[in-house]
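Undergrad: Quick one: sequence and predicted model below, then my questions.
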Amino acid sequence: MALITVAKKELLGLAWAELTDDELSQKITDLGMPVEKITDSEISVDVTPNRPDMFSVEGLARALSSFAGVKAGLRTYSAKDSGITLTADKSVRKVRPFIVAAVAKNVKLDEPLLKSLVALQEKLHDTVGRKRRKVSMGFTDLDKLKPPFFYKAVKTTEGAFIPLDSTELMPPGEILSTHPKGKEYGYILEGHKRFPLITDSEGTVVAMPPIITAESVKITPSTKNIFIDITGTSEQSIHDCLKIVCCALADRGAEIRTVTISRGATKLQTPDFSPIENSVSLGRINKLLGSDFDPEEAKEYLERMGHGVELGERKGRLSVKSPPYRIDILHEVDITEDVAIPYGYNNFAPTLPQFVSVGKASPDEMRGAVISEIMLGLGFNEILAPYITSKETNFIKPLLGEHPAIHIKNPLTVELTMFRTWCIPSLLEILARNKDEKMPQKLFELGHAAGLENGKPVEKRKLAAAVCGPKACFSEIRSFVEALLLELGMKCEFGPLEKHPTFIPGRAAEILLGGKPIGVFGEIHPQVLNNFGIEQPVAAFEIELDE
Amino acid sequence: MLHQHERLALDALSKGAKTVSELCAATQLNRDAATRALLLLKEKGAVHLAEKMNVSYSAKPEGVSFSTSLLPELRLLKKAQKGPVDFPTIPEEEMKIGLPWALRNGWVKVREESGKKSIAATDSGSKIAPDSHESQQALRRAISGSSTPGDSQWLEQFMRRGLVTCHEGSHIETATLTDTGKKLLKDEGAPECGEISVLTKDIITSGKWNGAKLREYDISAPGERIFPGKRHPLRQVISRIRNIFVELGFEEMEGNMIESSFWNFDALFQPQDHPARDLADTFYLLHPDKIEIPDEELAKKVAKAHKKGWKYSWSREEAERPVLRTHTTALSARYVAETGMEKRPAPAKYFSVGRVYRNEATDFKHLAEFQQVEGIIIDQDATFTDLLGTLKEFYRKLGFEKIRFRPHYFPYTEPSLEVDVFYEPRGEWMEFGGAGIFRPEVCLPLWGKYPVLAWGLSLERPVMSMMEIGDIRTFYKNDLGWLRNTPSGKGMV
């Protein structure tokens, strides 16, 4: 999500709409964008990532004026050839292979437009551009430049220029180590021996994508003609971003001109403003929505989402033209949603599926419910513990040797580094936290633990319980284990538990089902109690439920 | 009329003043009973209790971590003292916790220049030495149990922030009989002959009780509190939700939390460079090395959908990276695929309530591990209105009559929506979760048919509001005070 904050007056002005705060807020919500805040002068909208065309006040206004019915239907954009060529050298292939460009003429670059343009650039960088790695763009003053342009990769010590917001001449390598933007985005160029550079016919540096443009050619409020360059690693995404930026500028009265991109033998004019065309079936749309819209209704709704609609020659088909910036439209289902949104989700009559099905709880959960009931009858309180824990809690504090476990590759804190291999440490942590609460304390948990067996992850359902208080001891927990097994109708044997330092030697047992160990119980060793910070005796058991 | 325990205490004290421990030893009463008897006697003016108030503090985990790492507001101030700090460079903890407190303490101010926000130290903030500031020292002293009276201003703030807990209690040092007590003891005298206090088998069967006086008890004396075995409050809500889905004809899904990226992301048409797949949002696992895609044909179809829809070359290696599932929709994807492989019948309705994981810093609103309520309807004739109707029916059964839908966006559904539920007791709309129809890019590779209706609803957030809990971590902290004092069924509508 991208939080876009724009001036209300500007938005309504560009949309040619007169709306109260409530109406404005409702319209934008109905469009599918949550309104975060609305103040006397501003509105903040959480624009969803599928609609980068709405990341600017111009784009929001466009969607709003269509939706409100002020200017419904398809908007078309056109661009004449600027006659300018940009030649991409093959040296950029490894470092940043793709580039597109455009020219915006006769721009009135007043304060609001400059602000809006920079904000749009930033949002596109952060979202579609994946923090400039995939897409980055630069705006420069065309009148300070001498086309044609060249895009090539140069050695880090060559092509020194004065970067934006600086006064010193620096080679690209130095910009990366000293300029704030170089430090912030330098990782994108890391490991490359040559850095990408855009220059004009006289060798003046325009920009060093994706880091920074040159100070000498920066745009100012007096700039009339803007040169827009967009570079990146995804050809599709840079075309998309160029269309979005150019349409926003066109909405502000700029005349967009294309630039010829020459790459080897191929020549390409950008931006491409041709609309996105889809032929859709109204029958399928109605079937999916559970609706009964006639072609005229569907046309009206689609026009309110900015599409142009012609009722097809073939019956039941609509030919839909979408504006170039609607990069989210992939096929019919995206058109279907744009019929449903203006109709209003809350206006559909809810129905239930017609087929018959039989409800069924999972056998594990049903068994869990029986076990819970037994534990509640024995007077235990249920707890819910997190499954992600630390080595400290899972192994070290219980004096257990480390064994294969599911460890997290990218832990955020030292407390959350692995999936627990057993449940008793969780209970001990909770008892320690509750040492000031009234004793005795009897806790149980129905939960999961996981381990690695033959290199494969194995998740296990477990029941664990603990009693804590002056009288907690081996015989007490043994009585509880026996009562539980009796209630479950399980015939188990108890065997001595060897080499389990969590328990007091000689006060712990293994639970065996047909000779196979399925659990343990016993009195917790005082050293373990000290490690967890527990001040009263504790006895506990843990049983695998999958057996 | 004195309670039996009061009598015992009076008797014992008539032989001299005693501490509670001494009284326990003399009367064989446990500490609670002896204390209760003394408090009752005090009310009657029979004993004088020398009491001592004691206040102590202990740190909660966050407090302990801040005592070593420096309070976030001081960390922030330390940076700001060296020059303005840009918003995007501030770590989350310093932004969320540090900034509000640093502002409140008047140490820093927020500056805004051409839309860019930064933080600068104020004049008073510049004079502070962050490492040795009194607030930091107060926190350290609270943890070592050596708080000084001067710390109270800071400790109050720390208690509000949940960094430290205050333990306040009075403690009886000695109990002495008063003149009233002596008189009471004299008046009561020895128990009347033939008066029965405790019934025994012998008294009942022999008929000795007949004609004897059964001693009256002081029914206003407080009883000893007992604690029943109880289910966890969140589990009660989960049980209710599971029952509703079963009642509505849904079958419960079962599956793993340790999952491949393939099921968690790729099968759901999430591109491999999607921000949700960042290390900062998802827990990736060190072991196992990879979780293989079960079906070659399936892998090819998914790869093709990505290539066509997102225009990039799909990497199998990336798809086989193991993760802790970030949503139970991973489970739904498996069930849809198994339907496609004809291991399960269609049409069908499935649900699950299960744990999901996000690699996020936890705070009062965020958990790294929480529950998701998931559901899918696999049916070629399913419609958008069936989705709306099923959700409406689910919430109606849960007790919410008023719900509304808002258009929204998820990468794997279209149309997509969010559900808001009107919660009457608070008179406000609450956001409950997302839903939609799986995109053809999801359905067709997995099932070969279309459509599938799906939803993933949040659990802890709405239950928090319904139970009036301010901190989401409460559910997994298991404070016995909270567990014992929360009435069963609270949080149910």
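TA: Now that the structure is in, tell me what you want to look at.

Undergrad: where's stretch B:64-71 relative to the chain centroid, distance-wise?
TA: Put simply, stretch B:64-71 sits 23 Å off its chain's centre (C-alpha atoms, centre = their mean, to the nearest Å).

Undergrad: Residues touching it, excluding its own?
TA: Here stretch B:64-71 makes contact (C-beta atoms under 8 Å, 6 or more residues apart in numbering or on different chains) with B:59, B:72, B:75, B:78, B:98, B:101, B:130-131, B:135-136, B:139-140, B:143, B:163. Backbone N, C-alpha and C define where each C-beta goes, glycine included.

Undergrad: which residues does the nearest residue to residue A:144 once chain neighbours are set aside contact?
TA: Distance criterion C-beta to C-beta, 6 or more residues apart in numbering or on different chains; nearest residue to residue A:144, sequence neighbours excluded, is residue A:217 at 4.6 Å. By C-beta under 8 Å, 6+ apart, residue A:217 lies in contact with A:140-141, A:144-145, A:204, A:206.

Undergrad: So which of the residues you listed are in strands?
TA: With DSSP state E as the criterion, strands contain A:140-141, A:206 from among the contacts of residue A:217.

Undergrad: Show the buried residues in the residues you listed.
TA: A:140-141, A:206 (16 or more other C-beta atoms under 10 Å in any protein chain shown).

Undergrad: pLDDT value on residue B:1, please?
TA: Looking at residue B:1, its pLDDT stands at 66.

Undergrad: And for residue B:492?
TA: Per-residue confidence (pLDDT) for residue B:492: 66.

Undergrad: re the thing from before, so which of the ones in strands among the contacts of residue A:217 is the closest to residue B:384?
TA: Distance to residue B:384 across the ones in strands among the contacts of residue A:217 (C-beta to C-beta) is lowest for residue A:140, with 47.3 Å.

Undergrad: on contacts alone, who are the packing partners of the helix or strand harbouring residue A:241?
TA: Assigned by DSSP states H and E, residue A:241 belongs to helix A:235-251. Helix A:235-251 sits against helix A:57-67, strand A:98-105, helix A:111-126, strand A:135-141, strand A:226-232, strand A:255-263, with contacts defined as 3 or more C-beta pairs under 8 Å, 6 or more residues apart in numbering or on different chains; DSSP states H and E.

Undergrad: now the ones you listed as JSON lines including mean pLDDT and distance to chain B?
TA: Output for the helices and strands packed on helix A:235-251, formatted as JSON lines (pLDDT from 0 to 100; distance: least, C-beta to the nearest C-beta, whole Å):
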{"stretch": "helix A:57-67", "mean pLDDT": "96", "distance to chain B": "11"}
{"stretch": "strand A:98-105", "mean pLDDT": "97", "distance to chain B": "12"}
{"stretch": "helix A:111-126", "mean pLDDT": "94", "distance to chain B": "6"}
{"stretch": "strand A:135-141", "mean pLDDT": "97", "distance to chain B": "11"}
{"stretch": "strand A:226-232", "mean pLDDT": "97", "distance to chain B": "12"}
{"stretch": "strand A:255-263", "mean pLDDT": "96", "distance to chain B": "18"}
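
Undergrad: and of these, who's closest to residue A:23?
TA: helix A:57-67 (10.6 Å).

Undergrad: What residues does the stretch 151-300 of chain B have near chain A?
TA: Residues of the stretch 151-300 of chain B lying close to chain A (C-beta under 8 Å from any C-beta of the partner chain) are B:167, B:225, B:227-232, B:234-235, B:239, B:242, B:245-254, B:256-258, B:273, B:275, B:279, B:283-289, B:291.

Undergrad: Next step: those residues restricted to strands.
TA: Counting by DSSP E, these contribute B:167, B:251-252, B:258 to strands.

Undergrad: and stretch A:288-306, how far out from the chain's middle?
TA: That offset, for stretch A:288-306, works out to 31 Å (C-alpha atoms, centre = their mean).
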